[in-house]
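Enquirer: any chance you can model this:
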Amino acid sequence: MTLVTCPLADERAPGEARGGSELERPRATKDEGAGGDGAARLGSPGGPLARRRLGAHMSIAGGLFRALERGAALGCDVVQVFTGSSRRWTSRPISDADLAAWEEARRRTGVVPAMAHASYLINLAAPRPAAWRQAVRALGQELERCRVLGIPSLVLHPGAHMGAGEAAGLKRVARAIDAVHAERPDDPTVLLLETTAGQGSCLAHRFEHLRDVFGAVAAPARLGSCLDTQHLHAAGYDLSTAPAWRAAVEAFDRIVGCRWVRAFHLNDSKRPLGARVDRHEHIGRGHLGLEAFRCLLTDPRFADLPMTLETPKRDGRADAGGDVDRADRVNLGVLRALEGRQRVGARARALASAPLAATGPARPALDAPPPRPDNAAPHGAPPCPATRASRRS
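Expert: Residues are numbered from 1 along each chain as shown. Sure, this is the predicted structure:
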């Protein structure tokens, strides 16, 4: 995948108006398409603000190939998957039959498996040597499964320092990545470090953390970043307005560099700005709001990157067969209604308030495992293990 490059941030104050900015420069045209809500579209159909590569995290229940079929039924361009269990240190080997079914489904559906998500048990910042070595071995196994399946990127939460301090934790993360890369010098899969909410002692909630790891590893070209909108919001980076979006992206470009961005996770937030709690919400129904996603989906700097939902699932039976999860369908519809828009329109607002399921309570996105004492760098509901008592309300 080609890396995108942001223009360097200029000397204006964050949010200061500028003539002909990235969001304002393309000519607005009246939208005659679905919805007819009168919101103007930006740019031409074939330009940098055309259809984005959108999708969702899909379950592999019933076989790896089922994730691609579910993505096709949902209308995904791309999907994210676990290639094995997210709750155990080992997974069933990928058999020849598994691989044949996966490749056939990939040809038949046209859905691109843009990225896999690594197990939440992996903690590259673990201070205990045995736990650190176990995490390194597990990451190597994850990369091998991606290589076999032809998945170009692996998303990873860097880890939790468990009270040892951020600087020490970041050094261990860089050492772990170097150890894995040294064992797999020709591995084609790019490792994407995901931004986190900063819950407990989890690292990567500050842009500087990514910068420090990228600057410390021996093979930085084999790394990239995955920006999670909910995690950024929870970590204190405001994305909710156009000026705030520009300021946050310019800060990332100044500190890290937008050339490192390879993917996005699209999630609204159940908690307010800076809460440091990882709680995903459906698009447009949380504290981020629709404008944040409109800004992302009209930003030409990220036009070619895969973007996947990790919002809560509503239909408990969806993964067992039949129709896809209705909540995923609604959330993708909201995102499509925001693509290329100069402002949030009535169609996007209506979809963002549409029913998500006929019956049944929501279940957590991706079903994160319970925390473990020395090796967990968890996602979603569980707090970082070493700081369970510091969980914020």
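
Enquirer: quick one: secondary structure of S59?
Expert: Look at S59: counting by DSSP: H, G, I helix; E, B strand; the rest coil, its state is coil.

Enquirer: what is the burial count for it?
Expert: 20 (other CB atoms under 10 Å). From N, CA and C alone the C-beta is placed, and that goes for glycine too.

Enquirer: same thing with the one 5 residues further on?
Expert: Close neighbours of L64, defined as other CB under 10 Å, add up to 20.

Enquirer: give me the phi and psi angles of it.
Expert: phi -60, psi -40 (degrees, to the nearest 10).

Enquirer: now do the contacts for it.
Expert: By CB atoms under 8 Å, 6 or more residues apart in numbering, the residues touching L64 are V81, T83, I94, D98, A101, W102, L149.

Enquirer: now it: how far from D325?
Expert: Counting by CB to CB, to the nearest Å, the gap from L64 to D325 is 18 Å.

Enquirer: which strand or helix spans D98?
Expert: Using DSSP states H and E, D98 sits within helix 96-109.

Enquirer: helices or strands up against that helix?
Expert: Helices and strands touching helix 96-109, as assessed by 3 or more CB pairs under 8 Å, 6 or more residues apart in numbering; DSSP states H and E, comprise helix 64-74, helix 129-149.

Enquirer: mind redoing it with 10 Å?
Expert: Helix 96-109 is packed against helix 64-74, strand 112-117, helix 129-149, with contacts defined by 3 or more CB pairs under 10 Å, 6 or more residues apart in numbering; DSSP states H and E.

Enquirer: among those, which comes closest to L232?
Expert: strand 112-117 (17.4 Å; CB to CB).

Enquirer: and the angle for that closest one with helix 64-74?
Expert: Inter-element angle recorded for strand 112-117 and helix 64-74: 120 degrees (by axes from the mean of the first three to the mean of the last three CA atoms, to 10 degrees).

Enquirer: dump the residue contacts of G289.
Expert: The contact partners of G289, taken as CB atoms under 10 Å, 6 or more residues apart in numbering, are H233, L239, S240, T241, D268, S269, I283, V344, A352.

Enquirer: which of those fall in helices?
Expert: H233 (DSSP state H).

Enquirer: among the contacts of G289, which ones are buried?
Expert: Listed as buried from those are H233, L239, S240, D268, S269, I283, V344, A352; burial here means 16 or more other CB atoms under 10 Å.

Enquirer: quick one on the thing from earlier: winner for burial among the helices and strands packed on helix 96-109?
Expert: strand 112-117 (a mean of 24; mean count of other CB atoms under 10 Å).

Enquirer: distance from the chain centre to it, please.
Expert: How far strand 112-117 lies from its chain's middle: 11 Å, per CA atoms, centre = their mean, to the nearest Å.

Enquirer: likewise stretch 117-130?
Expert: Centre-to-centre, stretch 117-130 and its host chain are 19 Å apart (CA atoms, centre = their mean).

Enquirer: list the buried residues for that stretch?
Expert: Using 16+ other CB under 10 Å as the burial criterion, the residues of stretch 117-130 that qualify are H117, A118, S119, Y120, L121, I122, N123, L124, A125, A126, P127.
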